[in-house]
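Colleague: Provided below for reference: sequence and predicted model.
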Amino acid sequence: MSPGLSDFEKEEIWRGWKSGKSLKSIGRSLGRANTHVRMVVAATGGFVPPPRRRSTGVLSRTEREEISRGVAAGDSMRTIAVSLKRAPSTVSREIARHGGREAYRADPADTRAWSSARRPKRCRLATNHRLKRIVARKLRLQWAPEQISGWLKEQYPDCLDMQISHETIYRSLFIQARGVLKKELLGHLRTRRTLRRSRHATLRKQSRGQIVDAISIRDRPAEIEDRAIPGHWEGDLIAGLDHSYIATLVERQSRFTMLVKVNNKSSPEVVRVFPVSRSRASR
């Protein structure tokens, strides 16, 4: 369930997700917790849901309003059907399905019809148990969904029922509500992901793992590189078990080293423990 998110917010979430943004950055732009964003994305396994479209064969809201007016005027089913160019049985079923002549109203009838139209077709893995067993066995052998899909096409070239796209395999893994492939099979994916990520999702487009306005170590002056002049320091951070960290600072000429335990790995905390050398430290 979505935590009170508007349709606009959901659209923004999917737009950001499709462009490769992280859950945290999407949540920050909307003023929402990234856990709320994850709930929306995880509901479909990270796959962007296609926009819903009303079938041309079903009654439209305008037609339901015409039926409502005809019912209020006391018109017969056949008369209403003729004005809509629909079969009388279509009009009859529509009225009976939504309360009969006494209670029929266009707006609630259309809302209920739109909601009940959510009947996703079961995928091939859900209906073909032999295919499902083969796919599960290959996943346990660390085969990628792309490999499985290609292998099935080679093994069963003339049998479409024994072929499946890699996207369907991913969907069946990431969308556990489908109840097709067991969740434990996710652990056999090489990427160890639990959500389908956009092909645009790269660290180059995100701030994760990057230093803002960083200067490459390759650009440091030659006097630092050859250790000819004292006073240049090089810092680093050692991470241990149970979220323990030690900050290190080494003077490049003398190799004098300082080690200080820090509370966390954030930049302000690491800089705080070396106030004297922080203006000259290089990394």
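Modeller: It's in.

Colleague: A strand includes residue 238, no?
Modeller: Yes. Judged by DSSP: H, G, I helix; E, B strand; the rest coil, residue 238 forms part of a strand.

Colleague: any idea how far it lies from residue 250?
Modeller: 12 Å (C-beta to C-beta, to the nearest Å). All C-beta atoms are positioned from the backbone trio N, CA, C, and that covers glycine.

Colleague: pick out whichever of those two has more residues nearby.
Modeller: residue 250 (17 against 13; other C-beta atoms under 10 Å).

Colleague: what pLDDT does the residue nearest the centre of the chain get?
Modeller: Centroid-nearest residue in the chain: residue 46, 2.5 Å away (criterion: C-alpha atoms, centre = their mean). pLDDT for residue 46: 76.

Colleague: that one sits in which helix or strand?
Modeller: Assigned by DSSP states H and E, residue 46 belongs to no helix or strand.

Colleague: ditto for residue 50
Modeller: Counting by DSSP H and E, residue 50 is found in no helix or strand.

Colleague: and the helices in the stretch 151-283 of the chain, which stretches?
Modeller: Remark: helices assigned in the stretch 151-283 of the chain by DSSP state H, counting those that start in this stretch are 166-174, 222-225, 267-272.

Colleague: would you mark the buried spots in the first one?
Modeller: By neighbour count, and taking 16 or more other C-beta atoms under 10 Å as the criterion, the buried residues in helix 166-174 are 168, 169, 170, 171, 172, 173, 174.

Colleague: and what of the shortest one?
Modeller: Taking 16+ other C-beta under 10 Å as the neighbour-count basis, helix 222-225 is seen to contain the buried residues residue 224.

Colleague: just the CA coordinates for it, please, in PDB.
Modeller: Only the C-alpha atoms of helix 222-225 are listed here, as PDB (Å, rounded to 0.1, in the frame of the first residue of the first chain):
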ATOM      1  CA  ALA A 222      55.100  17.100  -8.000                       C
ATOM      2  CA  GLU A 223      56.600  18.300  -4.700                       C
ATOM      3  CA  ILE A 224      54.000  16.200  -2.900                       C
ATOM      4  CA  GLU A 225      54.500  13.200  -5.100                       C
END
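
Colleague: centre of the chain to that helix, how far?
Modeller: Taking C-alpha atoms, centre = their mean, to the nearest Å, one finds the center of helix 222-225 at 46 Å from the center of the full chain.

Colleague: separation between residue 224 and residue 63?
Modeller: 78 Å.

Colleague: pLDDT at the closest residue to residue 263 other than its chain neighbours, what is it?
Modeller: By the measure of C-beta to C-beta, 6 or more residues apart in numbering, the closest residue to residue 263 outside its immediate chain neighbours is residue 269, 5.7 Å from it. Predicted confidence (pLDDT) for residue 269: 82.

Colleague: sweet, I'm off.
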